[in-house]
Structures are given as C-alpha cells and as structure tokens.
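Enquirer: Coordinates for the following, if possible.
(one chain, ligands or ions: 1)
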Amino acid sequence: MTTVGILGGGQLARMLALSGAPLGLRFLVMDVTGDACAGQFAPMVVGDYRDEAALAEFASRIDVATFDFENVPAESAQWLSARVPVFPSPRALATAQDRLAEKTLFRELGIPVPAFAAVASRAELDAAIAGIGAPAVLKTRRLGYDGKGQFRLKAASDADAAWAALGPQAETVGLILEAFVPFDRELSVVAVRGRDGEFRAWPLTENWHVDGVLSASLAPARVDPALAATAYDYARRLATALDYVGVFALELFCKGGGLLANELAPRVHNSGHWTIEGSESSQFQNHLRAVLGLPLGDTRMVGTACMLNWIGAMPDPDAVLREAGGHWHDYGKSSRAGRKVGHATLREDSAPALAEALSRIGAALDRPAQVAPVIARLREG
Ligand code: AMP
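Expert: Residues are numbered from 1 along each chain as shown. Coordinates of the predicted model:
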C-alpha cells in the first residue's frame, strides 16, 4: 500500500486524494490547521511546516511527498527530501517561490518576460521605475498569490503609495517591479513531466481573472495553433531545465500575437480543474502518476470545457446539476470573502452548445458578468 504525503491540505490536496483513490493510494495531509478541507478525505498531521517533530511524523508515515501549496518553506521541503522522495524537487519549488529567480530563469531559457527589476530600497524603486516606465506592478518576490502582495502604479508619481503599501516587506520577502502588460488574453499551459522525463501538456487554457483571482477558464483556448505550440515549447524548456516531476502551470500573457511569461505554479493549478471531466486524464491523476513513476495518462480533451470558480460562498447547485454536461465541486469549506470555495465545470461537444449552457447558468445564478467573456470568446467562431 502506497501512501502519498501532501504538504498543504486545501482543495488541491482534496482533489488529489479523490483522484488517487482508484489507484489504490492512501494519503496523509499536513497542514497548519486541523479543519483544512482535504482532511475530510485523508488523515492529517497538523503542525507548522517548520516544526521538525511534525515533519518527522509526516515523513515516517509516507512513501513519497508532494505539495498542494507552493509556499511551504523550501528548507522544510529540503529537510523532508533527505528522508523520502519529494516531487517536484525542492530546487524547482524554491525557484517557483521567488518571482525574481523564476523570471531570471525564464529569461535564461529564452522565454520572453515583461521587463522586471529587483527592488530592495526606495531608491531602487525609483531607479526601477525610471528603467521600466509606468504603468508597472510592484510585487512581493515571495508569498504573493491570487493578486495579493501587488500594487499597480499607473504613473511614476504612484511610487510613494506603492512604497507605503509594500516597502515594509522589502527586507522580509523582497520586491520586484514588473512592466504592466496590457494583455489581450491570459493563457496557461498545464503540463506534466514524469520521473523518466516524459512530457505531456493539456490543451492550452484561456483564463479570466477578477481582482487578481481566477474567475473562469476555457479549454481549449481559441488561439492560433502556432501560438499554442510556442507555449508548449516554453513549458517543456522549463520542465527540462528544472528536471521537474509532476504537474505545473505556466501562466502567460498574450499580447499582439506574442507571449510573455508571468509565473510558474509548481503544482496542480486552478486553470487545470476542467481536466477532471474535460480530459482523458485529469491533472490530479497525472500528477500522482508522475510522482509515483507510473505511466502518464493521455491529456487529450473530450469536447470543450469551461470552469467557473465560486469565490466567497457556494451558489445554489441546481442549475449546474440540471445540465447534461454540468459538474459540481464543493470543497467543503466555510464561506469567507475572497476564498475559493468550489467550482463548476461545464463540458459540451461543441462551442455553441457550451455558450448556450453558460448563458443558462449565468442567468440562473445571476452571474452574467462571470460567463459573459467566455460566451463572447466562444461566439467569435
Ligand atoms: P500573479 O499573482 O502574478 O499571477 O498576478 C495575478 C493577476 O494579476 C494576473 O493573472 C494578471 O491578471 C494580473 N497581473 C499580474 N502581473 C501583471 C502584469 N505585469 N501586467 C498586467 N497584469 C498583471
């Protein structure tokens, strides 16, 4: 009996555990809180990721470790890797945890990125603004997610406000200034690399964010195949360079027919949730197969799919459950503003059928704005 240990007990760990059940796997989840939602399906070790006693107990009860959360301290991952196999590797995790290291690697690999500069002081912020120009985005190098730890500068005169907001974090988590990209679309490549180096990617996904948080994803993204091929090539270069094992997402901005890399998520990703029903093998299934050294599953799509995120509170499931291609995912979390509490995936055989299903859902749940950009894209032809 193989037990997979997951650091972080949120919805990603929960969906990994659900996906691993048919493989006969057992799971052990480590989280700082005992009510983490993966704990409804798997036993837990509750403790701080830096607590060596808790980590030692976790390590003693598992065969392999992985993550649902990329901000697990890299030293804890390193400590664990001396005791059990850890995938993705602590080195890949450490690179993806630091926006500066990540963007530097993208650049080294010939993957285009928005202009960026490290910022360690107020003077360096002014120098970075002079070099990059405005608009720009000041971000924490570490620990930011879902648009948190970011400040948008419309003009150079916003430097004072940006420094007031994030300056205190310059010494703790570091800061980076990036050019603001007036993108046409946001895309992501969700891909998997096996222990033997085999690489597979799911069809490219288009994503829409609201206030920095993913709101909807559409797959396959309706883009030129040459652009998709470029995106896969970037993802493959990254995975190879990091000797990556497992699923990851590369988030990209598309502007004027070109691509700029935003960030690498070293884990299963929200923009890949549609793969549960929309693909031959889901991202969760393939992540487990990769970390266990099993053959990877096929990543081809079945039809066309849209994922809608539920943020804050779960809506009424009725309208989605009534759809032939409707699939409901309630993460079993309590409601809280800004919190990802669930999602729905609508899967249909054609784009027009998906657009119709989405307009029914948008009307029934009174969320026209959430479905509108997806419907517009589907109707572009
Ligand atoms: P991140 O945490 O870097 O993924 O940022 C969250 C979201 O903020 C992205 O998905 C974009 O919608 C937006 N964003 C982040 N960085 C930039 C940028 N340099 N230019 C334009 N939008 C950005």
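
Enquirer: Every contact and neighbour count from this point should use C-alpha atoms.
Expert: Noted.

Enquirer: Next up, the contacts around Trp163.
Expert: Trp163 makes contacts with Arg122, as judged by CA atoms under 8 Å, 6 or more residues apart in numbering.

Enquirer: ah, wrong one, I meant Phe183
Expert: Phe253, Cys254, Lys255.

Enquirer: Check whether the second one really touches Val181, as I assumed.
Expert: When you say that, I think you mean Cys254. No. Applying CA atoms under 8 Å, one finds Cys254 not in contact with Val181, separated by 9.1 Å.

Enquirer: okay, the spatially most central residue of the chain: pLDDT?
Expert: Centroid-nearest residue in the chain: His269, 3.3 Å away (criterion: CA atoms, centre = their mean). pLDDT recorded at His269 is 98.

Enquirer: From the ligand, how far out is it?
Expert: His269 is 12 Å from the ligand, where distance means CA to the nearest ligand atom, to the nearest Å.

Enquirer: hang on, that residue packs against Gly246?
Expert: No. Counting by CA under 8 Å, His269 stays clear of Gly246, with 11.5 Å between them.

Enquirer: Low-confidence ranges, the stretch 51-200 of the chain, go.
Expert: 145-147 (pLDDT under 70).

Enquirer: what's the neighbour count on Arg152?
Expert: Arg152 is flanked by 19 other residues according to other CA atoms under 10 Å.

Enquirer: Ramachandran coordinates for it?
Expert: In terms of degrees, to the nearest 10, the main-chain angles of Arg152 are phi -90, psi 130.

Enquirer: Report the separation between it and Asp158.
Expert: 8 Å (CA to CA, to the nearest Å).

Enquirer: Likewise for Val189?
Expert: 33 Å.

Enquirer: Neighbour count: those two, which is higher?
Expert: The neighbour count for Val189 versus Asp158, taken as other CA under 10 Å, is higher for Val189 (27 against 16).

Enquirer: Show me what the biggest helix by length in the chain is packed against.
Expert: Counting by DSSP state H, the longest helix found in the chain is helix 225-241. Identification of packing neighbours for helix 225-241 by 3 or more CA pairs under 8 Å, 6 or more residues apart in numbering; DSSP states H and E yields strand 185-193, strand 258-265.

Enquirer: which element follows that helix toward the C-terminus?
Expert: As assigned by DSSP states H and E, the chain's next helix or strand after helix 225-241 is strand 246-255.

Enquirer: which residues are contacting that next one?
Expert: Residues outside strand 246-255 that contact it (CA under 8 Å, 6+ apart) are 87-88, 181-194, 235, 259-269, 283-284, 286-288, 290-291.

Enquirer: residues contacting Glu277?
Expert: Counting by CA under 8 Å, 6+ apart, Glu277 makes contact with Val302, His327, Thr345, Arg347.

Enquirer: got the contact list for the closest residue in space to Thr275 that isn't next to it in sequence?
Expert: In space, and not counting its chain neighbours, Thr275 is closest to Ser282: 4.6 Å by CA to CA, 6 or more residues apart in numbering. By CA under 8 Å, 6+ apart, the residues touching Ser282 are His273, Thr275, Ile276, Thr299.

Enquirer: next one: phi and psi at Ser282?
Expert: phi -80, psi 170.

Enquirer: can you tell me how far it sits from Leu16?
Expert: Taken as CA to CA, the span from Ser282 to Leu16 is 10 Å.

Enquirer: likewise Arg300?
Expert: For Arg300 relative to Leu16 (CA to CA), the value is 19 Å.

Enquirer: Buried residues of stretch 276-283, list them for me.
Expert: Residues of stretch 276-283 classed as buried: Ile276, Glu277, Gly278, Ser279, Glu280, Ser281, Ser282, Gln283 (neighbour count, 16 or more other CA atoms under 10 Å).

Enquirer: how far does it stretch from start to finish?
Expert: For stretch 276-283, the first-to-last residue distance is 7 Å (CA to CA).

Enquirer: Quick one: neighbours of Ala77, just the number.
Expert: Residues contacting Ala77 under the criterion other CA under 10 Å number 25.

Enquirer: That one belongs to a strand?
Expert: No. Counting by DSSP: H, G, I helix; E, B strand; the rest coil, Ala77 is not part of a strand but helix.
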